[in-house]
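Novice: Sequence plus the predicted model coming up.
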Amino acid sequence: MNVLVCGGAGYIGSHMVKMLHRAGHEVVTFDNLSTGYRHAVKWGEFVRGDLLNQTDLVKLFQGRHFDVVMHFSARSLVGESVQNPALYYRNNVIGTFNLLEEMRKRKIGKFIFSSSAAVYGNPVTDRIDENQPTNPINPYGRTKLMVEQMLKDFEAAFGINSVSLRYFNAAGADPEGELGEEHNPETHLIPNILKAALGQGPELKIFGDDYDTRDGTCVRDYIHINDLCSAHLKAVEYLENNPGCHVFNLGNGSGFSVKEILQAAEQVVGKPIAHKIVERRSGDPATLVADASCATAHFGWKPGFTDIGKIIATAWDFHSSQVLGRAQGT
Ligand code: UFG
């Protein structure tokens, strides 16, 4: 297959590019490098450009044929989306609209979209399946839901078939150590814990211990990055035989509290990690755990990394090798 990966220089997109390349597909990464890194695109062709720039889009599609488009380009921080919703509506909604318009003109009929558990808002049950009401509580989640809705209309009117994958908490790194999570600034739990362990960041701040959960800290469903990526490959196969507009959750189905993640990380790094309890972070629901049985039932996807210690260990290998690399000047 010829695959266009929009956002292939970012955390999830770069792992996807590697997996596609390994599976023998031709890959083109399109990325504006606003949050991704050129060094993370190690396979296939790289085209620098912006989905908001018509000239960049024309250049991207000219002379190239794609069988499928995977779309990872998005702003993805809940807090930032509250502060600057314009950035989110412009990038996530208008950017995706521009991409779909190009696909329509060129009759590209397969689209895999990175959606999010953020579309559910405050869930009404602890384990969330796809039939839960969607009621996003922040602009980020609303942009993801808007695209899902746009996809329904584009399928009905223009025949663009799609799978929207609602990710729970992406975690871990390439088990071969070539790629990992590099956000700047870093806001995510596991990298912040590991940075604290490496002395690269301040002590870990635990945002609130007064939630209605087993130890008072928020519970999340952490899913290994390679498991997310393997679901994309399965979703493409599924679309071949099941045209339409589909939505699936991707998660492990088990929840870990912030304190449990910290303890698991301490086991992995072999020492205590400095931390303190601070105020709640606004916009954090208490518990988000996926029921991802639909993805298993429909396209035979099952996560391979079900042990949280193993997921964290892949992230630890990446973060510690980065520090070692910097110390050695490589
Ligand atoms: N947390 C801390 N300290 C930190 C960082 C996080 O206590 O330094 C806590 C958060 O409050 C939350 C949990 O750890 O309870 C997980 O936080 P992350 O920032 O790692 O992840 P989120 O659950 O906030 O966000 C993820 C994705 C978003 C997506 C969301 C869906 O990163 O893109 O899931 O709910 F919108």
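Specialist: On my side now, so go ahead.

Novice: so what's whatever residue of the stretch 201-330 of the chain ends up closest to the ligand up against?
Specialist: The minimum distance from the stretch 201-330 of the chain to the ligand, using Cβ to the nearest ligand atom, falls at Cys218 (3.0 Å). Where you see a C-beta, it was placed from the backbone N, CA and C, and this is true even at glycine. By Cβ atoms under 8 Å, 6 or more residues apart in numbering, the residues touching Cys218 are 207-208, 211, 257-258, 284-287.

Novice: show me which of those residues neighbour the ligand.
Specialist: 207, 258, 284 (Cβ under 6 Å from any ligand atom).

Novice: Switch the residues you listed over to JSON lines; also include pLDDT and distance to Ile94.
Specialist: As requested, the ones next to the ligand among the contacts of Cys218 are exported to JSON lines (pLDDT from 0 to 100; distance: Cβ to Cβ, whole Å):
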{"residue": "Phe207", "pLDDT": "97", "distance to Ile94": "31"}
{"residue": "Val258", "pLDDT": "98", "distance to Ile94": "35"}
{"residue": "Asp284", "pLDDT": "85", "distance to Ile94": "28"}
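
Novice: So which of those is surrounded by the most neighbours?
Specialist: Note: the member of the ones next to the ligand among the contacts of Cys218 with the most neighbours is Val258, at 26 neighbours, neighbours being other Cβ atoms under 10 Å.

Novice: The closest residue to that one other than its chain neighbours and Val289: what is the separation?
Specialist: Nearest residue to Val258 in three dimensions, chain neighbours excluded: Thr217, at 3.8 Å (Cβ to Cβ, 6 or more residues apart in numbering). Separation of Thr217 from Val289 (Cβ to Cβ, to the nearest Å) stands at 14 Å.

Novice: Residues of this protein that sit close to the ligand?
Specialist: 76, 78, 116-118, 140, 169, 187-189, 192, 204-207, 218, 220, 258, 281, 284, 288.

Novice: before we move on, the earlier item: contacting residues around the residue nearest to Val258?
Specialist: Contacts of Thr217 by Cβ under 8 Å, 6+ apart are 206, 208-209, 211, 257-259.

Novice: can you list the residues that contact the helix or strand hosting Ala157?
Specialist: Secondary structure assigned from DSSP states H and E places Ala157 in helix 139-158. Residues outside helix 139-158 that contact it (Cβ under 8 Å, 6+ apart) are 74-78, 80-82, 85, 88-89, 92-93, 96-97, 100, 104, 111, 113, 115-116, 118-121, 134, 136, 160-162, 164, 244-245, 247.

Novice: Using PDB, write out every CA atom in that helix.
Specialist: Taking Å, rounded to 0.1, in the frame of the first residue of the first chain, the C-alpha atoms of helix 139-158 are listed here in PDB:
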ATOM      1  CA  PRO A 139     -12.400  22.200  23.100                       C
ATOM      2  CA  TYR A 140      -9.900  19.500  22.300                       C
ATOM      3  CA  GLY A 141     -12.500  16.800  22.700                       C
ATOM      4  CA  ARG A 142     -15.000  18.800  20.800                       C
ATOM      5  CA  THR A 143     -12.700  19.100  17.800                       C
ATOM      6  CA  LYS A 144     -12.200  15.400  17.700                       C
ATOM      7  CA  LEU A 145     -16.000  14.800  17.800                       C
ATOM      8  CA  MET A 146     -16.600  17.400  15.100                       C
ATOM      9  CA  VAL A 147     -14.200  15.500  12.800                       C
ATOM     10  CA  GLU A 148     -16.000  12.200  13.600                       C
ATOM     11  CA  GLN A 149     -19.300  13.900  12.600                       C
ATOM     12  CA  MET A 150     -17.700  15.300   9.400                       C
ATOM     13  CA  LEU A 151     -16.600  11.900   8.500                       C
ATOM     14  CA  LYS A 152     -20.100  10.500   8.700                       C
ATOM     15  CA  ASP A 153     -21.200  13.200   6.200                       C
ATOM     16  CA  PHE A 154     -18.300  12.700   3.900                       C
ATOM     17  CA  GLU A 155     -18.900   9.000   3.800                       C
ATOM     18  CA  ALA A 156     -22.600   9.400   3.000                       C
ATOM     19  CA  ALA A 157     -22.100  12.100   0.400                       C
ATOM     20  CA  PHE A 158     -18.600  11.400  -1.100                       C
END
